[in-house]
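A.B. asks: 3D model of this:
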Amino acid sequence: MVIQVCSFSIGIYLALKMIPKDVIENCRKKAMEEEKKEVPIEKKTTLVIIFIGSLV
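C.D. replies: Next up is the predicted model:
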């Protein structure tokens, strides 16, 4: 089991090293922009449920 976990971790490490740095930086920038755009629907729904629950 330990050997499988180590080989899995090494495989992920090697796969990430094969991706060019500019591609990773571009993806991170896009992710940050998407994160800043708007509150996700799940958070909006949670706020509505809490608000309705507080009224009751």
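
A.B. asks: what does the helix or strand encompassing Val23 contact?
C.D. replies: Assigning secondary structure by DSSP states H and E places Val23 in helix 21-37. Identification of contacts with helix 21-37 by CB atoms under 8 Å, 6 or more residues apart in numbering yields Leu16. Every residue, glycine included, has its C-beta placed from N, CA and C.

A.B. asks: Go again with 6 Å.
C.D. replies: Counting by CB atoms under 6 Å, 6 or more residues apart in numbering, helix 21-37 makes contact with no residue outside itself.

A.B. asks: Just want to check the distance between Leu14 and Pro20.
C.D. replies: With distances taken as CB to CB, to the nearest Å, Leu14 is found 14 Å from Pro20.

A.B. asks: try Ile52
C.D. replies: From Ile52 to Pro20 the distance is 49 Å (CB to CB).

A.B. asks: so how many other residues sit close to Gly11?
C.D. replies: When neighbours are defined as other CB atoms under 10 Å, Gly11 has 10 of them.

A.B. asks: what's the answer for the one 10 residues further on, then?
C.D. replies: The local packing of Lys21 (other CB under 10 Å) involves 8 other residues.

A.B. asks: can you check Lys37 too?
C.D. replies: 7.

A.B. asks: which SSE is Glu42 in?
C.D. replies: Applying DSSP H and E, one finds Glu42 within helix 41-55.

A.B. asks: Give me the distance between stretch 28-43 and the centre of its chain.
C.D. replies: 10 Å (CA atoms, centre = their mean, to the nearest Å).

A.B. asks: Also stretch 17-32?
C.D. replies: Relative to its chain's centre, stretch 17-32 lies at 14 Å (CA atoms, centre = their mean).
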